[in-house]
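Student: Structure for this input, please:
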Amino acid sequence: MIDGDEPRAKKASEIVVGADLSAISVEELEERISMLKAEIARLIAEIDKKQSSKASAESFFRS
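Tutor: Residues are numbered from 1 along each chain as shown. This is a model prediction of the structure:
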């Protein structure tokens with residue numbers, strides 16, 4: 001059955017960098033931004049953790 005609606009854009013959990021955003025609502029765009037900010041924070045925390053581990057290892061082996 002065809003209802004004439006345009007196909008919906010992918011859900012925010014399926015974000016594709018560089019994808020066309022014209023069919024996405026403001027609310028969905030804001031949701032994507034929130035998800036991406038949370039992911040950036042998670043990535044930064046992981047970088048900090050790895051840098052701390054690396055610094056500890058370097059300090060241990062310099063002693």
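Student: from here on, contacts and neighbour counts on C-alpha atoms
Tutor: Noted.
Student: Can you pull up the most central residue in this structure?
Tutor: Taking Cα atoms, centre = their mean, the centroid of the chain lies closest to residue 36, which sits 3.5 Å from it.
Student: Quickly find the element holding that residue.
Tutor: Assessed by DSSP states H and E, residue 36 sits inside helix 26-62.
Student: mind checking the SS state of residue 22?
Tutor: Of the three states, residue 22 takes coil under DSSP: H, G, I helix; E, B strand; the rest coil.
Student: remind me which residues of this protein are low pLDDT?
Tutor: Within the chain, the ranges that satisfy pLDDT under 70 run 1-13, 63.
Student: show me the contacts for residue 34.
Tutor: Taking Cα atoms under 8 Å, 6 or more residues apart in numbering, we find residue 34 in contact with no residue.
Student: what about it, distance to residue 27?
Tutor: Noted for residue 34: a distance of 11 Å to residue 27, by Cα to Cα, to the nearest Å.
Student: Then residue 44?
Tutor: Going from residue 44 to residue 27 by Cα to Cα gives 26 Å.
Student: just residue 18 next, same as before
Tutor: Separation of residue 18 from residue 27 (Cα to Cα): 19 Å.
Student: out of the two, which sits in the more crowded spot?
Tutor: residue 27 (9 against 6; other Cα atoms under 10 Å).
Student: ok, now how distant is the more buried one from residue 61?
Tutor: 51 Å.
Student: And residue 39, by the same measure?
Tutor: In this view, residue 39 and residue 61 are 33 Å apart by Cα to Cα.
Student: What of residue 46?
Tutor: For residue 46, the distance to residue 61 equals 23 Å [Cα to Cα].
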